[in-house]
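> sharing a model that was predicted from the sequence below.
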Amino acid sequence: MQEENKQALVVFQDKKIRRVWHNGEWYFSVVDVVGALTESGDARKYWNKLSQRLREEGSEVVTNCHQLKLPASDGKNYETDCANTKNMFRIIQSIPSKHAEPFKLWLAQVGYERVQEIENPELAQNRVKEYYEMKGYPQSWIEKRLRGIAIRQELTDEWKGREIHEEKDFAILTNEISKATFGKTVQEYKDFKGLEKKNQNVRDHMTDWELIFTMLGEKATTDITVAKDAKGLAECKETAQKGGKIAQDARLALEKETGKTIITKNNFLGLQETKKLEHKKKRF
């Protein structure tokens, strides 16, 4: 689910704000917003006091908040007070902060962007493309990465309609494809490439061929899952293994003909620094 998680985190003035798509709109973590707007060392405590005061004043803002699961620093998902854009505006009005007005503008923008993307999915793809361009990725690589994202989304959508709902189950199925295709779980592949941060996506550090075989494994899994009408974790796990095996056979055939493995430790860890250096050279 890493592709989806990328969209579930936005940044306001270096402050990370968690959000989740729920009932057709974004819901934002109230605690994260409070932390971004206040100087409080304990945003949760600040929100507890504020919510109590709002209740005493008869405000419905607190009751309109939803307990939705968001990822915490330990990597697990916990139920957290979340509010949509409309109710978040009301909460912001209750917080004395010099950042209130800039935050309102930011909040309106990030909420509106998602509405635009639903009406025109190409906009979402363009934003992702701009992200990779800014980081300095080659255009040919970006095209493959975007296609991979689309194929991944098709697969996860198919899983969701086949009784796969838990985050851990998506991870299990993804690992089955990865193990069959490359002989490594996602985490083992990250370790192999020297990726140490939790938020680093191994696909952002794959070569062209690694991306291609990842796409093949996931596309094959989607089609086999549909053909077999697989339902539930056990059946989807079996189709994931079969999809990955198809990608593995293709990979081994290519490696036999070329005499070299496509599984490599190469990554794009130094790409951002290279981009910054190129920018400095242009200035001088």
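Arrived safely, thanks for sending. Quick caveat, the model's predicted, so the values are computed rather than measured.

> show me what the longest helix that the chain contains is packed up against.
In the chain, assigned by DSSP state H, the helix with the most residues is helix 232-258. Contact here means 3 or more C-beta pairs under 8 Å, 6 or more residues apart in numbering; DSSP states H and E; on that basis helix 232-258 packs against helix 167-182, helix 208-228. Where you see a C-beta, it was placed from the backbone N, CA and C, and this is true even at glycine.

> quick one: Asp169 from Ile212, how far?
For Asp169, the distance to Ile212 (C-beta to C-beta, to the nearest Å) stands at 26 Å.

> same for the helix or strand in which Val31 is found, what does it pack against?
Assigned by DSSP states H and E, Val31 falls within helix 30-37. Using 3+ C-beta pairs under 8 Å, 6+ apart as the contact test, the elements touching helix 30-37 are strand 15-22, helix 43-56, strand 77-84, helix 85-93, helix 100-119.

> so which bits of the first one are buried?
Of the residues in strand 15-22, those buried under the neighbour-count criterion (16 or more other C-beta atoms under 10 Å) are 17-20.

> quick check: domain ranges of this protein?
The chain resolves into domains spanning 2-119, 122-283 when parsed by automatic domain parsing.

> more neighbours: Asp169 and Ile212, which one.
Legend: neighbour count by other C-beta atoms under 10 Å for Asp169 and Ile212, higher for Ile212 (19 against 16).

> and the nearest residue to the more buried one once chain neighbours are set aside, helix, strand or coil?
In space, and not counting its chain neighbours, Ile212 is closest to Lys144: 6.6 Å by C-beta to C-beta, 6 or more residues apart in numbering. Of the three states, Lys144 takes helix under DSSP: H, G, I helix; E, B strand; the rest coil.

> wait, isn't Lys144 in contact with Asp208?
Yes: between Lys144 and Asp208 there is a contact under C-beta atoms under 8 Å: 6.0 Å.

> below-threshold pLDDT in this protein: ranges please.
Along the chain, segments meeting pLDDT under 70 span 1-7, 109-124, 272-284.

> give me that answer again for 50
Residue ranges of the chain with pLDDT under 50: 1-6, 274-284.

> pretty sure Val226 is touching Trp159, no?
No: in this structure, Val226 is not within contact of Trp159 by C-beta under 8 Å, at 11.1 Å.

> neighbour-wise, which of these two wins?
Neighbours were counted for Val226 and for Trp159 using other C-beta under 10 Å; Trp159 has more, 23 against 13.

> the closest residue to Tyr132 other than its chain neighbours: how many residues sit nearby?
In this structure, Tyr132 finds its nearest non-sequential neighbour in Ile142, 4.7 Å apart by C-beta to C-beta, 6+ apart. By other C-beta under 10 Å, the residues close to Ile142 number 17.

> and the gap between Thr174 and Arg44?
In terms of C-beta to C-beta, Thr174 sits 32 Å off from Arg44.

> tell me the one among the buried residues of strand 15-22 nearest to Lys197.
Arg18 (17.2 Å; C-beta to C-beta).

> who's in contact with the closest one?
For Arg18, the contact set (C-beta atoms under 8 Å, 6 or more residues apart in numbering) comprises 8-9, 28-29, 32, 70-71, 80.

> including distance to Lys190, could the helices and strands packed on helix 30-37 go into a markdown table?
Below are these laid out as a markdown table (distance: least, C-beta to C-beta, whole Å):
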| stretch | distance to Lys190 |
| --- | --- |
| strand 15-22 | 21 |
| helix 43-56 | 30 |
| strand 77-84 | 20 |
| helix 85-93 | 34 |
| helix 100-119 | 28 |
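
> out of those, the one nearest Gly148 is which?
Of all the helices and strands packed on helix 30-37, helix 100-119 comes closest under C-beta to C-beta, at 18.4 Å.
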